[in-house]
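# Below are the sequence and a predicted model for it; my questions follow.
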Amino acid sequence: MVRYYTISDFLHLDEQEKLDAIERFLNHVKRNKVIYSRLVLLIALVMKSNGIVYAESFETSLNSSARQIIDMLLVLAKYSFLGLGLKEMMSTMIAGGSFKDATTSGMQYLLTYVLIRLYPSLFNMFSKINF
């Protein structure tokens with residue numbers, strides 16, 4: 001059976017669905033207070049650079065937080081590409097390749113790391129150019 005609604009009934013149903021969704025979200029937050037408090041603490045620790053967070057503007061704290069995240073990812077990339085390059089060089093040498101082949105296969109990872117390392121500075125350099 002098809003149910004028909006008037007416009008006012010339909011708008012009331014739409015508002016009720018939105019309120020139900022908000023109520024479910026609030027109940028989820030109430031049930032998981034510990035996890036959300038850990039999340040807030042983690043965000044506060046990441047956003048705190050060397051000063052007081054509330055004394056800085058939002059953009060400054062966001063920029064410093066993004067810089068910290070980029071620095072952490074660059075350290076991770078450094079060691080992961082170093083490890084992958086060494087693994088590739090060893091596997092090439094064990095498979096019977098020459099030193100030149102092993103160096104070439106390991107150099108690919110080194111160049112990838114250099115590119116990732118230079119990319120943020122290139123982005124900053126090109127962002128200052130006005131087109």
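Perfect, I can see it now.

# What strand or helix carries the closest residue to Met90 other than its chain neighbours?
Nearest residue to Met90, sequence neighbours excluded (CB to CB, 6 or more residues apart in numbering): Ala102, at 7.8 Å. Where C-beta positions appear, they are placed from N, C-alpha and C, glycine not excepted. Assigned by DSSP states H and E, Ala102 falls within helix 99-127.

# Now do the buried residues in that helix.
Going by neighbour count (16 or more other CB atoms under 10 Å), the buried part of helix 99-127 is 102, 105-106, 109, 113.

# Can you tell me which of the residues you listed is nearest Arg38?
Arg38 lies nearest to Tyr113 out of the buried residues of helix 99-127, by CB to CB, at 32.7 Å.

# Roughly how far does the closest one sit from Ser121?
Relative to Ser121, Tyr113 is positioned 14 Å away (CB to CB, to the nearest Å).

# now do Ser80
In terms of CB to CB, Ser80 sits 20 Å off from Ser121.

# By mean pLDDT, flag the weakest helix or strand of the protein.
In the chain, no helix or strand scores lower on mean pLDDT, DSSP states H and E than helix 33-47, which sits at a mean of 76.

# can you give me how far it is from the chain middle?
Chain-centre distance of helix 33-47: 16 Å, with CA atoms, centre = their mean, to the nearest Å.

# Let's have the buried residues of helix 99-127 in CSV, adding distance to Leu13.
Shown next, in CSV, are those (distance: CB to CB, whole Å):
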residue, distance to Leu13
Ala102, 68
Ser105, 63
Gly106, 63
Tyr109, 57
Tyr113, 56
